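Q: quick one: sequence plus predicted model below, questions after.
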Amino acid sequence: MRIALIGRPGSGKTTAFNALGGARQKLPGTLQDECPVVSVEVPDSRLQWLAEMYKPKKVTPARMEFADYPGLPKTEEKGKPEVLASIRACDGLALVVRAFETADYAYEEPKANPLAEARGMLEDLLFGDYAILEKRVEKLRTQVTRPTKTQEQDRRELTTLEKVLHEVIEGGKRLNQLELGREEEMLLRGFRFASQKPVLVLWNHSGNAPDVAVVAKELGLSTESVLPLQASVEEEIASLAPEDRELFLAEYGIAQPVRERIIQVAYASIGLCSFLTAGEDEVRAWTISRGDSAVAAAGRIHSDIARGFIRAETIAFDDLRAAGDLRAAKAANKVRLEAKDYVVKDGDIMNFRFSV
Ligand SMILES: Nc1nc2c(ncn2[C@@H]2O[C@H](COP(=O)(O)OP(=O)(O)OP(=O)(O)O)[C@@H](O)[C@H]2O)c(=O)[nH]1
Ligand SMILES: [Mg+2]
């Protein structure tokens, strides 16, 4: 899972990136491959409990990556489409907005106006996607006039995209507000449009925390996807020795460092959960999407396990903890054999039976 830190120039993306534990660096990144990336551990106390039971050689938490993108200016500038295009490879977006004043940066807008900034950014993502849609439609329109192998398929794609464009432009709808059939949905998903990605908002302030519910409502987002943060304070705290951090966090009234808070917000807004695997070799957490099936979970580990899937021996972590150990859990009938289409729950401990 990779989240792109995006926003207007100077909104505090790199500062937030540093607060997440990324190496301190002020060079503006360029595109996807060259963007600095930090990998953040997903805190999960269940892993420690399992490690005590299994005494494994290795404990591997789930991780989430954050990439520090260059700023997207309001004006049409060279390079903006490239940045927008490369954002599409990420799984989610963290929109950093400026709610602080500073004289250290030459801003397009002299005064911070975080709500307008967030709205403008969300609009930019939409317009970037329209541009891609329109280009594709134009290309298809000439393509379908020639007899090619893909003519039928191209026609269908063109019909869908024209419908989408119409609803978006005439109907004023967002890409994620359209009512689409399964095939149309799959087609659209292939584009990995930025405006269809889950968004969390990092409201970068300097002591004047916003009313999260109000911000979320104004932006049409869920309350749990807005995260207030004091990036420069947290950047400094992250650079301290671990034993000094608590004191400073308390001083600034920060309950938990952003590194830990952002994971909860990202999990909620992207709709993720974790399943676990446990054994003497390794105790490990894996990130999947809520609603994923057992066979999809198997595929996270290895495509062979998904291909040769037979059954998944499954127990809820809470059931295992309540029983004390696996033997007692089995005696209490808490271990289930689940089939391919079983919907995996957060905290399921799974052992896949497969043959290839
Ligand atoms: N007061 C204050 N200043 C901040 C905060 N976050 C960032 N800054 C300052 O704002 C300026 C820009 O911060 P960066 O983190 O480099 O912003 P950026 O979004 O990475 O900028 P670009 O990569 O150029 O788009 C720097 O001078 C930071 O010190 C904050 O929370 N409070
Ligand atoms: Mg930066």
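A: Yep, that arrived. Ligands and ions are numbered 1, 2, ... in the order given.

Q: state the pLDDT value of the residue in the chain positioned nearest to ligand 2.
A: Residue nearest to ligand 2 within the chain: residue 14 (3.2 Å; Cβ to the ion). Where you see a C-beta, it was placed from the backbone N, CA and C, and this is true even at glycine. In this model, residue 14 is scored at 93, pLDDT.

Q: again with residue 192
A: pLDDT at residue 192 comes out at 90.

Q: surely it is within a helix?
A: No. Looking at residue 192 with DSSP: H, G, I helix; E, B strand; the rest coil, it is coil, so not inside a helix.

Q: quick check, it in contact with residue 87.
A: No. Contact criterion Cβ atoms under 8 Å: residue 192 and residue 87 do not qualify, at 9.1 Å.

Q: more neighbours: which of those two?
A: residue 87 (22 against 16; other Cβ atoms under 10 Å).

Q: now do the helices in this protein.
A: For the chain, applying DSSP state H gives helices covering 13-19, 45-54, 80-87, 114-143, 151-169, 182-189, 212-219, 231-238, 242-251, 258-270, 294-301, 303-307, 317-323, 326-331.

Q: which residues of the protein lie near ligand 2?
A: Contact residues, the chain versus ligand 2 (Cβ under 5 Å from the ion): 13-14.

Q: remind me what the worst-scoring helix or strand of the chain on mean pLDDT packs against, helices and strands.
A: In the chain, the helix or strand scored least confidently by mean pLDDT, DSSP states H and E is helix 80-87, which has a mean of 83. Packing partners of helix 80-87 (3 or more Cβ pairs under 8 Å, 6 or more residues apart in numbering; DSSP states H and E): strand 2-6, helix 114-143.

Q: how far does the last one sit from its chain's centre?
A: Taking Cα atoms, centre = their mean, to the nearest Å, one finds helix 114-143 lying 20 Å from the centre of the chain it belongs to.

Q: that one - contacts with which helices or strands?
A: helix 80-87, strand 92-99, helix 151-169, strand 199-205, helix 212-219.

Q: how about a cut-off of 6 Å?
A: Counting contacts by 3 or more Cβ pairs under 6 Å, 6 or more residues apart in numbering; DSSP states H and E, helix 114-143 packs against strand 92-99, helix 151-169.

Q: next one: the first one
A: In terms of contacts (3+ Cβ pairs under 6 Å, 6+ apart), strand 2-6 is packed against strand 63-68, strand 92-99.

Q: what residue ranges in this protein score low on pLDDT?
A: Low-confidence segments of the chain, defined by pLDDT under 70, are located at 23-33.

Q: what residue in it comes nearest to ligand 1?
A: The chain approaches ligand 1 most closely through residue 71 (2.5 Å), counting by Cβ to the nearest ligand atom.

Q: hmm, back to that, just the helices of the chain: most buried one?
A: Highest mean neighbour count of those: helix 13-19, a mean of 26 (counted as mean count of other Cβ atoms under 10 Å).

Q: quick one: contacts for the residue nearest the centre of the chain?
A: In the chain, the centroid-proximal residue (Cα atoms, centre = their mean) is residue 92; its distance is 3.4 Å. By Cβ atoms under 6 Å, 6 or more residues apart in numbering, residue 92 lies in contact with 3, 197-198, 270.

Q: what parts of the chain come near ligand 1?
A: Proximity of the chain to ligand 1, by Cβ under 6 Å from any ligand atom, involves residues 7, 9-15, 26, 28, 70-71, 100, 102, 104-105, 204, 206, 230-232.

Q: contacts only, for the closest residue in space to residue 7 that isn't next to it in sequence.
A: In this structure, residue 7 finds its nearest non-sequential neighbour in residue 96, 3.9 Å apart by Cβ to Cβ, 6 or more residues apart in numbering. The contact partners of residue 96, by Cβ under 6 Å, 6+ apart, come to 5, 7, 11-13, 16, 202, 204.

Q: on that earlier part again, buried subset of the residues of the chain next to ligand 1?
A: Neighbour counting by 16 or more other Cβ atoms under 10 Å classes 7, 9-15, 70-71, 100, 204, 206, 230-232 among the residues of the chain next to ligand 1 as buried.

Q: between these, which is nearest residue 182?
A: Relative to residue 182, the closest of these is residue 7; by Cβ to Cβ it sits at 34.3 Å.

Q: right, and the closest one touches residue 13 too?
A: Yes. Taking Cβ atoms under 6 Å as the definition, residue 7 is a contact partner of residue 13 at 5.4 Å.

Q: who touches stretch 311-322?
A: In contact with stretch 311-322 (Cβ under 6 Å, 6+ apart) are residues 46, 294, 329, 334-338, 347-353.

Q: same question for stretch 98-110.
A: 10-11, 74, 112, 114, 203-206.

Q: okay, those in a markdown table with distance to residue 242 next?
A: Output for those, formatted as a markdown table (distance: Cβ to Cβ, whole Å):
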| residue | distance to residue 242 |
| --- | --- |
| 10 | 30 |
| 11 | 28 |
| 74 | 40 |
| 112 | 32 |
| 114 | 31 |
| 203 | 26 |
| 204 | 24 |
| 205 | 25 |
| 206 | 24 |
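
Q: ok so, going back, just name the most buried of the helices and strands packed on strand 2-6.
A: strand 92-99 (a mean of 26).

Q: right, and the helices of the chain - which one's nearest residue 34?
A: helix 80-87 (9.6 Å).

Q: circling back: show me what the residue nearest to residue 7 is bridged to.
A: residue 202 (DSSP bridges).
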